[in-house]
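Student: Sequence first, then the predicted structure, then my questions.
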Protein chains: 2
Amino acid sequence: MHIPYQGNFRWTDIPVKEYKTDGTHFKDITRQILFDDPELACQLRYFEIEPGGHSTLERHQHVHAVMIFRGRGHALVGHSVIPVQTFDLVQIPGMTWHQFRATEGEHLGFLCLVNCDRDRPILPTEEDLAELRQHPEVADFIRV
Amino acid sequence: MHIPYQGNFRWTDIPVKEYKTDGTHFKDITRQILFDDPELACQLRYFEIEPGGHSTLERHQHVHAVMIFRGRGHALVGHSVIPVQTFDLVQIPGMTWHQFRATEGEHLGFLCLVNCDRDRPILPTEEDLAELRQHPEVADFIRV
């Protein structure tokens, strides 16, 4: 099976979907599923955040393996705010708070690899947010 | 974990390895393992073929999910010879003969996703090669 790249971060016959529709807290993201074969045991997705947008602040048991694919931004991983740019790799360990944020004026696109068999993300409680806000750099990043 | 991209298709602290050392038939390839976590259930590798080089002609039960990452070339998948270029996706089904070949004068780099739990590649017998050579386009591609 050959899926030609069409340019502009789109692939032939791969639909561009809304990131999530269940009302979680995120902004300006699309999702494309590039590989999804049970025999692979994992799924490869391409997410793209509009300039200034961000992903959901969440954690879960399953790990994320991420390759930045377009532009620049920052990643929150636990209590670290990491500047990331095209083709950097980021691994998010299990049960670690994480969020991606695109730099103003730039898209942030990334490939994200996950186990097909995975748990649902958990959103932070008020207590979790209070703990995260105790770290000034984290408080500045999450903006909630 | 953050692994910065260093440019020139190299990543910080990720060693550039020989593709294979067991005497199989290949030419001018390096391998870098980008993600290898049992919790992911899969492994992401970056292979790079020098201009004019090629990967081993082989098949196996496990599937390959490939994203071309650098340059141009051709992929043999079964009896099809497919022109491929940067960011194209190619999925190799199980037990399907396959080989990648870089275009003259260009590197061919690709990300290759595999299940952590996988069988060893099988090389073609003389009978297999005779069958493949019955297809003129395939005979021209495999050059053996």
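Tutor: Yep, it's here.
Student: Direction included, what does the helix or strand of chain A with the lowest mean pLDDT pair against?
Tutor: For chain A, counting by mean pLDDT, DSSP states H and E, strand A:17-18 ranks last in confidence among helices and strands (a mean of 86). Partners of strand A:17-18 in the sheet, by DSSP bridges, are strand A:27-36 (antiparallel).
Student: what about the partner strand, distance to the chain center?
Tutor: Here strand A:27-36 is found 9 Å from its chain centre; the criterion is Cα atoms, centre = their mean, to the nearest Å.
Student: can I get the CA coordinates of the helix or strand following it in CSV?
Tutor: Next along the chain after strand A:27-36, taking DSSP states H and E as the criterion, comes strand A:42-54. Presented in CSV, the C-alpha positions along strand A:42-54 are these (Å, rounded to 0.1, in the frame of the first residue of the first chain):
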residue,chain,number,x,y,z
CYS,A,42,0.8,0.5,17.6
GLN,A,43,-0.8,3.5,15.8
LEU,A,44,1.0,6.4,14.2
ARG,A,45,-0.9,9.7,14.1
TYR,A,46,0.0,13.2,12.9
PHE,A,47,-1.3,16.0,15.0
GLU,A,48,-1.1,19.6,14.0
ILE,A,49,-1.6,22.6,16.3
GLU,A,50,-2.4,26.0,14.8
PRO,A,51,-0.1,28.9,15.8
GLY,A,52,-0.7,29.8,19.4
GLY,A,53,-2.8,26.7,20.0
HIS,A,54,-2.2,23.8,22.4
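Student: Briefly note if the helix or strand following strand A:42-54 comes near chain B.
Tutor: Counting by DSSP H and E, the next helix or strand C-terminal to strand A:42-54 is strand A:64-77. Yes. Applying Cβ under 8 Å from any Cβ of the partner chain, one finds that strand A:64-77 is in contact with chain B at A:Ala65, A:Met67, A:Ile68, A:Ala75, A:Val77. In this view, the C-beta of every residue, glycine as well, is placed from N, C-alpha and C.
Student: of all the residues you listed, which comes closest to A:Pro136?
Tutor: When the residues of strand A:64-77 next to chain B are ranked by distance to A:Pro136 (Cβ to Cβ), A:Val77 comes first, at 16.7 Å.
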